[in-house]
Structure formats: structure tokens, C-alpha cells
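1. Have a look; sequence and predicted model below, questions after that.
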Amino acid sequence: MEKQDEIKKLKKECNEFCKKHPLYEEGTFPVFGEGSLDPDIILIGEAPGYNESITGKPFCGAAGKILDEILNNAGLKREDIFITNIVKLRPPKNRNPTKEEINQFSPFLDNQIKILNPKIIGTLGNFSTAYIMEKFNLKDKIKGISKIHGQVFNVSTLFNVIKIVPLYHPAVATYNANMKDTLKQDFLVLKKLLGE
Ligand code: URA
């Protein structure tokens, strides 16, 4: 099956799963993720916020504005990247996702990674960082995001090498302006990796 068809099928399955999930609310949309289907980079956030849940688009609210600025600064185009979250529905009042929710939604993320086969995975914040590092056998290297942001972890899979780069979640820059500079520095790491 072609990539486009595989992703389409997965999105349909995800939508069906979401409509039956306790986090689903009438009038809102699951946020499957969007972007290039042939991406060098996948960025993984936490879960949709309000704006995302009413549009179905990832990172389209305040955190998304910051993400766009940071991508722009690094010379990265949003349309060349695939952007998604671990949890595809908005937790009430934007609370942290639970372990159970992460477990329930993660098969969709796993399949997205498998189908899209990126060279680089940028994890935005502690939740996606811990999930992805554990998944790629880097459990012993997991530390808080303040300790490992901007570092590059190479992991060999059956077919290729993936570079995992833990990053701060862009929302941190909404309440701590200095963090935007750190995020900008770290996204330059992504840009540099693309050229290698
Ligand atoms: N925060 C996230 O983690 N993901 C989004 O899509 C928006 C805000």
C-alpha cells in the first residue's frame, strides 16, 4: 500500500477510536497530526489544546505560534515536517495526559512513525520525550527535559538510524521568555542534522 493510503487508513482508524474514547467531546475534533508524508523530521507534542480540538490541527494556538516562529528562525518549513501529539484528544482543562491515556493512544503514534519513517524525531516536552526514549531503548538516558534538551540520541532500527532530539515544549516560552532563545538554539540542532 502507498504511504498516503496507509496514513489515510490509520487516520480513519484513529478517528473511529477517538469517537468512542472518554476524552471525546461532541463538537471537537481528534488531532491526528499533519504535514509532509515524506518528512525528514517528525515533531511530537503532548496533546491538543482548545484551539487544536476545535480545528483538528496540531499546534495552531499559542504554542503553535511560538513553534512557527522557532521553525522559521531555524529555516525549517512546517510543510516539510510532520507534526503530531502522543494523545490525539484534548484532556479536560489541558491537564497532563495520564499513563493510561498515553498507552491507549500510542499505537497510533507508533504506526505514524513506522509509516512515515523519519530520519529525525523531535520530542516536545517531557511526556513525548519519555515515551519515545523508552520506546527506542534509551530508558537509562531519560532525564528531565532541562538536562537533555538539544542532545542527539542515535538509535539503530532494523532498517535505518533515527536521531532522537529531546526539545522543550514550545508552550514554556509563553510563560518564560528566555526559553524561546533556548528553543531557537535547539531547533538549530535539527536544521544542522538535516544537512548531515
Ligand atoms: N500542545 C501540544 O502538545 N500539542 C498541540 O497540538 C498543541 C499544544
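-> Structure's in. What do you need?
2. buried set for the helix or strand of the chain with the lowest mean pLDDT?
-> With mean pLDDT, DSSP states H and E as the measure, the helix or strand of the chain carrying the lowest mean pLDDT is helix 172-175 (a mean of 92). Residues Val172, Ala173 are the ones in helix 172-175 that count as buried (16 or more other C-beta atoms under 10 Å). All C-beta spots, glycine's among them, are computed from the backbone N, C-alpha and C.
3. Likewise for stretch 55-62?
-> Neighbour count says stretch 55-62 has Gly56, Lys57, Pro58, Phe59, Cys60, Gly61 buried, by 16+ other C-beta under 10 Å.
4. for Pro48, what are its contacts?
-> Counting by C-beta atoms under 8 Å, 6 or more residues apart in numbering, Pro48 makes contact with Val31, Pro58, Asn85, Val87, Lys88, Leu89, Arg90.
5. now Asp68
-> When contacts are counted by C-beta under 8 Å, 6+ apart, Asp68 is found next to Phe59, Arg78.
6. Spell out the secondary structure type for it.
-> When the structure is reduced to helix, strand and coil (DSSP: H, G, I helix; E, B strand; the rest coil), Asp68 reads as helix.
7. repeat for Val165
-> Three states are possible here, and by three-state DSSP the one that applies to Val165 is strand.
8. what helix or strand is the closest residue to Pro30 other than its chain neighbours on?
-> Take Pro30 and drop its neighbours on the chain: the residue closest to it by C-beta to C-beta, 6 or more residues apart in numbering is Cys18, 3.7 Å away. In the assignment (DSSP states H and E), Cys18 maps to helix 3-19.
9. Neighbours of the residue of the chain found nearest the ligand, how many?
-> In the chain, the residue found nearest to the ligand is Gly45; the distance is 2.9 Å by C-beta to the nearest ligand atom. When neighbours are defined as other C-beta atoms under 10 Å, Gly45 has 29 of them.
10. quick one: buried residues of stretch 154-172?
-> In stretch 154-172, counting by 16+ other C-beta under 10 Å, buried: Val155, Ile162, Lys163, Ile164, Val165, Pro166, Leu167, Tyr168, His169, Pro170, Ala171, Val172.
11. what's the first-to-last distance across it?
-> The first residue of stretch 154-172 is 26 Å away from its last residue (C-alpha to C-alpha, to the nearest Å).
12. on that earlier part again, could you list the buried residues of the helix holding Cys18?
-> Neighbour-count burial for helix 3-19, counted by 16+ other C-beta under 10 Å, picks out Glu6, Ile7, Leu10, Lys11, Cys14, Phe17, Cys18.
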